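Participant: Mind looking at a prediction? Sequence and model below.
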Amino acid sequence: MAYELSGKVKVILEPKTFASGFTVREFVVTVEDGKYPQDIILQVVQEKVSLLDSLQVGEEVTATFDIRGREYNGRYFNNLQAWKVESGAAAPAGDDQPPVSDKDVPADFDEFEDDIPF
């Protein structure tokens, strides 16, 4: 099931490539939610990493994403995996199809979770 959110790009992080060759890149979108705007972190993986190349901080975007969940060492993690990003005034970036599966996600991918400050 696909979800969408719209907001302003706050941060675009550099891509990270793991020893297995798996690449992930994260970006943060600020979504206006009444009195308290929400900063939502999303990620793109593998060939979708290039979707962020043309984005600028402060740009209005709509991201289409899937919610991914997994267990690692008795802990559970969720990720919002974007597969289409549309700029406010530009043509859509990416295709209209979500990734087929998570089978290519490497075992060392969970090391990335240690970088999240919470």
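Facilitator: Cool, got the structure. Numbers count the residues shown, from 1 in each chain.

Participant: now this protein, which segments are flagged as low pLDDT?
Facilitator: Residue ranges of the chain with pLDDT under 70: 89-118.

Participant: Now the phi/psi pair for the most centrally placed residue in it, please.
Facilitator: Centroid-nearest residue in the chain: Q43, 1.7 Å away (criterion: C-alpha atoms, centre = their mean). Phi and psi for Q43, reported as degrees, to the nearest 10, are phi -130, psi 150.

Participant: ok, for it, nearest residue in space, not its chain neighbours?
Facilitator: E26 (4.7 Å; C-beta to C-beta, 6 or more residues apart in numbering). (Each C-beta comes from the backbone N, C-alpha and C, glycine too.)

Participant: The one you found is in what secondary structure piece?
Facilitator: Element membership of E26 [criterion: DSSP states H and E] is strand 23-31.

Participant: quick revisit: my guess is the residue nearest to the centre of the chain contacts V24, does it?
Facilitator: Yes - counting by C-beta atoms under 8 Å, V24 is a contact partner of Q43 at 5.5 Å.

Participant: I'd guess L51 is in a strand, am I close?
Facilitator: No - looking at L51 with DSSP: H, G, I helix; E, B strand; the rest coil, it is helix, so not inside a strand.

Participant: distance of it from G7?
Facilitator: Per C-beta to C-beta, to the nearest Å, L51 is found 16 Å from G7.

Participant: got it, and D39?
Facilitator: Taking C-beta to C-beta as the measure, D39 and G7 are separated by 9 Å.

Participant: coming back round to it: what sits against the residue nearest to the centre of the chain?
Facilitator: When contacts are counted by C-beta atoms under 8 Å, 6 or more residues apart in numbering, Q43 touches V24, R25, E26, F27, N79, L80, Q81, A82.

Participant: returning to that earlier point: looking at D39 and G7, which one has more neighbours?
Facilitator: Neighbours were counted for D39 and for G7 using other C-beta atoms under 10 Å; G7 has more, 20 against 11.
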